[in-house]
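Sequence first, then the predicted structure:
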Amino acid sequence: MRVLLTGGAGYIGAHTALALVEAGHDVLVVDDMSNSSPESISRVQALTEAAIPLLEADVRAFVAVRDFVRRHGPVDAIIHLAGLKAVGESVADPVRYYDVNIGTSVAVLQLMAAESIPTLVFSSSATVYGEPEILPLREDSRTGIKLANPYGKTKRIVEELLADAAHADARLRVTALRYFNPVGAHASGLIGEDPSGTPNNLMPYVAQVAVGRLDRVGIFGDDYPTPDGTGQRDYIHVMDLAAGHVAAVENARQGFDIYNLGTGIPVSVRELISAFERASGRSIPTEVLPRREGDVPSSFCDPRKALDSWGWSARRTIDDACVDSWRWQSRNPNGYADRP
Ligand code: NAD
Ligand code: WQD
């Protein structure tokens with residue numbers, strides 16, 4: 001298949017591009033580089049020896065994207081990863097988040113209609129569930145419970161938009177993937193997560209402390225009702241997540257469907273930090289801070305639907321993710337600014 005990745009130069013996009021090429025597919029990328037660099041795609045090309053056409057443009061630049069698709073097509077499927085993802089920023093600037101996250105999704109649906117592209121895979125998020133009522137979270141668990149941040153709301157709205165679009169046009173095959181917490185890097189150490197500024201997420205923060213860019217990790221609360229008092233999450237290795245995208249495009253069915261992509265295994269903040277200490281051989285100083293507003297005590301999924309439907313499951317452990325994240329971070333302490 002020939003697959004267009006929007007946001008393909010970003011963290012999850014670059015790993016997904018690599019997995020698609022390795023599975024024998026052709027890849028094209030549209031990315032405006034607002035949170036990434038073309039260096040990620042250069043490295044994927046170097047690793048795979050594949051040519052990956054790249055258009056540096058906003059997904060909403062309709063004519064430019066359509067002409068790019070016509071030049072390099074026909075395209076069989078789109079994986080729509082482009083969007084803004086910082087929860088705190090979305091609270092401070094909600095209009096920008098609704099504009100970009102919903103606007104790019106509308107543009108993708110219009111492109112599919114104009115160019116007769118039947119298949120879409122969308123980057124949704126476990127955030128749509130809000131505060132879990134019952135764990136593990138299943139695809140039919142209630143969503144939106146105490147969901148206060150605009151970022152998560154944009155993901156819920158786009159899921160509804162996609163369901164309506166698939167209902168209206170029986171040719172469409174649309175899949176929303178609810179990612180749990182993506183971590184780790186490709187085993188080559190050549191591509192990985194390169195957040196701009198101070199990381200918001202735990203794993204890249206821990207990695208930057210291990211490499212000496214930051215002093216210590218603040219643990220946001222150690223009085224949660226969890227075994228060690230720190231928050232639990234379902235951390236999924238980004239290469240397992242990438243394989244989930246390959247499975248989703250290869251098994252796309254008519255209509256609209258939703259899949260959780262996670263491991264099903266809860267890991268606490270302290271457990272993740274210990275795993276990173278083992279992987280890096282470095283001691284990671286910590287400091288207990290108050291709880292972070294909006295955090296839930298525990299979130300992890302039931303990943304059986306993807307296993308039953310596609311035979312996909314996460315294979316890598318949190319230790320694998322820490323080893324790969326450390327390889328990436330120690331070889332590229334300044335991310336893609338460090339040339340190999
Ligand atoms: P990322 O920021 O690394 O990748 C997103 C990419 O989209 C970036 O390369 C950015 O430059 C590009 N982009 C943004 N706006 C664009 C626009 N208007 N036109 C073209 N390109 C644009 O983030 P990521 O972690 O790779 O996330 C990819 C997707 O997965 C996002 O939609 C995100 O919301 C979703 N997601 C991420 C996580 C996570 O923790 N990383 C979890 C759940 C869902
Ligand atoms: C994980 C755990 C924190 C940082 C976020 C988004 C979600 C999704 C993934 C896009 C929590 C604790 C964190 C730190 C800490 N993104 N923590 N110190 O909050 O589960 O999910 O990223 O869709 O939408 O909300 O991930 O990595 O920020 O936090 O103690 O410096 O680590 O309290 O328990 P989260 P996270």
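In hand now; what should we look at? Ligands and ions are numbered 1, 2, ... in the order given.

How many neighbouring residues does whatever residue of the stretch 1-150 of the chain ends up closest to ligand 1 have?
Residue of the stretch 1-150 of the chain nearest ligand 1, by Cβ to the nearest ligand atom: residue 10 (2.1 Å). All C-beta spots, glycine's among them, are computed from the backbone N, C-alpha and C. Look at residue 10: counted by other Cβ atoms under 10 Å, it has 26 neighbours.

try residue 171
Neighbour tally, residue 171, other Cβ under 10 Å: 12.

would you list every one of the helices in the stretch 51-200 of the chain?
When assigned using DSSP state H, counting those that start in this stretch, the helices of the stretch 51-200 of the chain occupy the ranges 62-72, 87-92, 94-115, 150-168.

can you redo the ones you listed as a markdown table with mean neighbour count?
Formatted as a markdown table, the helices of the stretch 51-200 of the chain follow (neighbours: other Cβ atoms under 10 Å):
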| stretch | mean neighbour count |
| --- | --- |
| helix 62-72 | 15 |
| helix 87-92 | 16 |
| helix 94-115 | 18 |
| helix 150-168 | 19 |
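
show me the contacts for residue 102.
Residue 102 sits next to 154, 157, 158, 161 when contact means Cβ atoms under 8 Å, 6 or more residues apart in numbering.

Identify the residue of the protein closest to ligand 2, quick one.
At 2.5 Å from ligand 2, residue 231 is the closest residue in the chain, using Cβ to the nearest ligand atom.

My guess is that residue contacts residue 224. True?
Yes: using Cβ atoms under 8 Å, residue 231 is in contact with residue 224, at 5.7 Å.

So between the two, which is more surrounded?
A side-by-side neighbour count of residue 231 and residue 224, using other Cβ under 10 Å, places residue 231 first with 25 against 19.

For the more buried one, give me the pLDDT.
At residue 231, the pLDDT value in this model is 98.

Run through the residues that contact it.
So residue 231 contacts 220, 221, 224, 268, 269, 295, 296, 297, 298 (Cβ under 8 Å, 6+ apart).

okay, now the first one: neighbour count?
For residue 220, the neighbour count with other Cβ under 10 Å is 17.

now the second one
Applying the criterion other Cβ under 10 Å, we find 18 residues in the vicinity of residue 221.
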